[in-house]
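Asks: Sequence and predicted structure, then a few things I'm wondering about:
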Amino acid sequence: MTVECCRYLCAESSGWSILSAAPAHAARIATNVPSPLYGAASVWGLTASGRELVRIDPASNTVSASIRLPGPAGVLTVTDSAVWVGDDGPGSHLWKIDPATNQVVGQVKLGPAGETFGDLSAGDDGSVWVSLFESERVLRVRPTS
C-alpha cells in the first residue's frame with residue numbers, strides 16, 4: 001500500500017482518508033475527488049468531471065457543499081479567504097469562490113481563446129500564480145476584494 005500524508009489528508013492506494021487529528025482517527029469519505037487540497041478550514045477538490053467543486057468539513061467528515069462551476073475546471077488552489085479554480089477548456093478563465101457563501105463571486109479571463117492552464121498556486125499575500133501552457137507564461141493575479 002502506498003501512503004502519502006499531509007495536514008488532514010491521507011492518500012492510500014484504495015482512496016482518500018481525512019485525518020481528524022492523528023492517523024488513528026482516520027475517516028473515509030466517499031467522494032469523486034482525485035486531488036483534494038486543504039484551506040479555509042475545509043478540504044476542497046474538483047470532481048473527476050471538473051463540473052463541481054466539493055467542500056469537505058474535516059470536523060464532521062462530511063461533504064458540506066457541492067458547488068456547480070460555470071464550466072469544466074481542471075486546476076485549483078486555496079487561500080484562507082478564497083478558492084481559485086481554473087477552467088479546463090479553451091477559455092482561460094479563473095473563477096473565485098467565496099468560502100463564506102460557497103458561491104462563485106468573481107471571474108477573470110487570463111489569456112486568448114485556446115490558452116490552457118498549466119497550474120495554479122496561492123501566494124502568502126493572497127495572490128494567485130497561474131501558468132499558461134501555450135504561451136509559456138506565468139501570471140500573478142492580485143485580487144482587490
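Replies: That came in fine, so what should we check first?

Asks: tell me, what residue is most central in the chain?
Replies: Closest to where the C-alpha atoms of the chain average out (C-alpha atoms, centre = their mean) is Leu76, at 3.5 Å.

Asks: check which helix or strand covers that one.
Replies: Leu76 is part of strand 73-78 when elements are defined by DSSP states H and E.

Asks: With just CA atoms, put that strand into PDB.
Replies: Extracted in PDB, the C-alpha atoms of strand 73-78 (Å, rounded to 0.1, in the frame of the first residue of the first chain):
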ATOM      1  CA  ALA A  73     -12.400  23.000 -14.400                       C
ATOM      2  CA  GLY A  74      -9.000  21.400 -14.300                       C
ATOM      3  CA  VAL A  75      -6.900  23.100 -11.600                       C
ATOM      4  CA  LEU A  76      -7.500  24.700  -8.200                       C
ATOM      5  CA  THR A  77      -5.700  26.400  -5.300                       C
ATOM      6  CA  VAL A  78      -6.900  27.500  -1.900                       C
END
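
Asks: contacting residues around it?
Replies: 37-40, 44-46, 50-51, 53, 83-88, 95, 116-117, 119-122, 128 (C-beta atoms under 8 Å, 6 or more residues apart in numbering). The C-beta positions use only the backbone N, C-alpha and C, and glycine is treated the same way.
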